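> A structural model of the following input is requested.
(one chain, ligands or ions: 2)
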Amino acid sequence: MNTIYFHIKKESGKPDQEEETAFRQAGEIIRSGGLVAFPTETVYGLGGDALNPESSRKIYAAKGRPSDNPLIVHICRFEDIRVIVSRLPEAAVKIAHAFWPGPLTMILPKSGLVPPETTGGLDTVAVRFPSHPAARKLIAYSGGYIAAPSANLSGRPSPTSAKYVAEDMDGRIDVIIDGGEVGIGLESTILDLTSDVPRILRPGYITREMLDEVLGKVDIDVTIIDPQSRQAPKAPGMKYRHYAPKGKLVIVEGTPEQVIRYINTHAETDRLSGEKTGVIATAEVLEQYHADVVKCIGSREDEEAIARNLFSILREFDDDNVTSIYSESFPAHGLGQAIMNRLLKAAGHRIVRL
Ligand code: AMP
Ligand code: MG
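Numbering: from 1, shown residues only. Ligands and ions are numbered 1, 2, ... in the order given. I've put the predicted structure just below:
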């Protein structure tokens, strides 16, 4: 398959004839069962018609994703949610009011219109109303319901720019819409509203504290906080090994001095035994590391930058053929909870506590 590329300006707010034609064309491709990768405010998505079982099957095939791992359905107007859910609880309306359009996905009971292929056989559906103008435009031109997981091959870090989508998807899908780098860089928060107390199944940019404020109290899936838990995660996707770089990644937690000393000692030992070594470092202590490749993930003062840079850094280590990677650790509250969740998954939960 020959993948077509459309380039759009980052802020596609103003009408532009050429872009409009591109969106219309991409929308028609989705309506006729094709696949289009597109930017959202979180990461790039791989979109197909959510109401067409054949499109969902194609998404799983293009990603190499197990078909029991359900897709998120993206809409571009709040009222469209009524078509795909069988019940709309008051809490969902409140959450939509507070956080939509934006990086928040709700799990609700599905209507008969959503095929089981899209929900991995579950009787619930994941719904998101993204804020990115290109995503909204594409959804509108596609008929209103786009099923879209992240546009990476299964197991690889989610793509934060079209370059990474192309790396994984060129030749496997019809279109890639290139809208530059995304703003947030971590996937949406997933909130399950089918249980008595709403529960976070995947942490993201919308934090537990923000959700607590709107709903009074939300729970968090134990498998997120306690990786040793034997319980199966309620978001099926969370059980898979994810975001993994090709090299072995170890997270190191302790005081800055302890962490620097540990990483430098171990990186040196690894280097002597033939490994290519890498470090994920914060700006404040960057200069103090010695390894083959030292990457700056951002300042400790700027969690949003850390979130935005994480997945691209993991991919860059692959490009550099780094085989042994050490990362600093981050406090797991607020946005840090999402950062540590992704970092721990990438590390296969290898963490050294000093
Ligand atoms: P991705 O699109 O790559 O961000 O992955 C979508 C995530 O949403 C996966 O972790 C899925 O397991 C989760 N998800 C989608 N639909 C549901 C659902 N109905 N119930 C629980 N989790 C879901
Ligand atoms: Mg994904």
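
> send the alpha carbons of stretch 17-28 over as PDB?
Extracted C-alpha coordinates of stretch 17-28, given in PDB (Å, rounded to 0.1, in the frame of the first residue of the first chain):
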ATOM      1  CA  GLN A  17      -8.800  25.600   0.800                       C
ATOM      2  CA  GLU A  18      -6.000  23.100   0.200                       C
ATOM      3  CA  GLU A  19      -6.200  21.700   3.800                       C
ATOM      4  CA  GLU A  20     -10.000  21.500   3.600                       C
ATOM      5  CA  THR A  21      -9.700  19.400   0.400                       C
ATOM      6  CA  ALA A  22      -7.200  17.100   2.200                       C
ATOM      7  CA  PHE A  23      -9.500  16.700   5.200                       C
ATOM      8  CA  ARG A  24     -12.400  15.900   2.900                       C
ATOM      9  CA  GLN A  25     -10.400  13.300   1.100                       C
ATOM     10  CA  ALA A  26      -9.100  11.700   4.300                       C
ATOM     11  CA  GLY A  27     -12.700  11.700   5.600                       C
ATOM     12  CA  GLU A  28     -13.900   9.900   2.500                       C
END
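
> pLDDT (mean, whole number) over it?
The pLDDT scores in stretch 17-28 average 95.

> for residue 98, what are its contacts?
By C-beta atoms under 8 Å, 6 or more residues apart in numbering, the residues touching residue 98 are 210, 214. Where you see a C-beta, it was placed from the backbone N, CA and C, and this is true even at glycine.

> so which strand or helix has it?
Under the criterion of DSSP states H and E, residue 98 resides in helix 90-99.

> touching ligand 1 at all, that helix?
No: contact of helix 90-99 with ligand 1 (C-beta under 6 Å from any ligand atom) is absent, the minimum separation being 13.7 Å.

> show me which residues of that helix are buried.
By neighbour count, and taking 16 or more other C-beta atoms under 10 Å as the criterion, the buried residues in helix 90-99 are 91-92, 95-96, 99.

> now that helix, how far from the chain's geometric center?
With C-alpha atoms, centre = their mean, to the nearest Å as the basis, helix 90-99 stands 22 Å off its chain's centre.

> reformat the buried residues of helix 90-99 as TSV; add pLDDT and distance to residue 350.
Shown next, in TSV, are the buried residues of helix 90-99 (pLDDT from 0 to 100; distance: C-beta to C-beta, whole Å):
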residue	pLDDT	distance to residue 350
91	97	37
92	98	38
95	97	35
96	98	38
99	98	33
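
> pull up the residues of the stretch 151-300 of the chain that are close to ligand 1.
Within the stretch 151-300 of the chain, the positions near ligand 1 by C-beta under 6 Å from any ligand atom are 187, 190, 201-202, 234-238.

> just give me the closest of the buried residues of helix 90-99 to ligand 1.
Ranked by distance to ligand 1 (C-beta to the nearest ligand atom), the buried residues of helix 90-99 are led by residue 92 at 13.7 Å.

> so what's that closest one up against?
By C-beta under 8 Å, 6+ apart, residue 92 lies in contact with 81, 85, 106, 108, 193.

> wait, what's in contact with the closest residue to ligand 1 within the stretch 201-350 of the chain?
Residue of the stretch 201-350 of the chain nearest ligand 1, by C-beta to the nearest ligand atom: residue 237 (2.2 Å). Residues counted as contacts of residue 237 (C-beta under 8 Å, 6+ apart) are 69-70, 149, 202.

> lowest-confidence one in the residues you listed?
Within the set of those, pLDDT is lowest for residue 69 (88).

> for that one, grab phi and psi.
The phi and psi values for residue 69, taken as degrees, to the nearest 10, are phi -100, psi 100.

> how far away is it from ligand 1?
Distance, residue 69 to ligand 1, by C-beta to the nearest ligand atom, to the nearest Å: 5 Å.

> quick one: contacts for that residue?
Residue 69 touches 120, 149, 236-237, 240, counting by C-beta under 8 Å, 6+ apart.

> point out where the stretch 51-200 of the chain drops to low pLDDT.
Applying pLDDT under 70 to the stretch 51-200 of the chain flags no residue at all.
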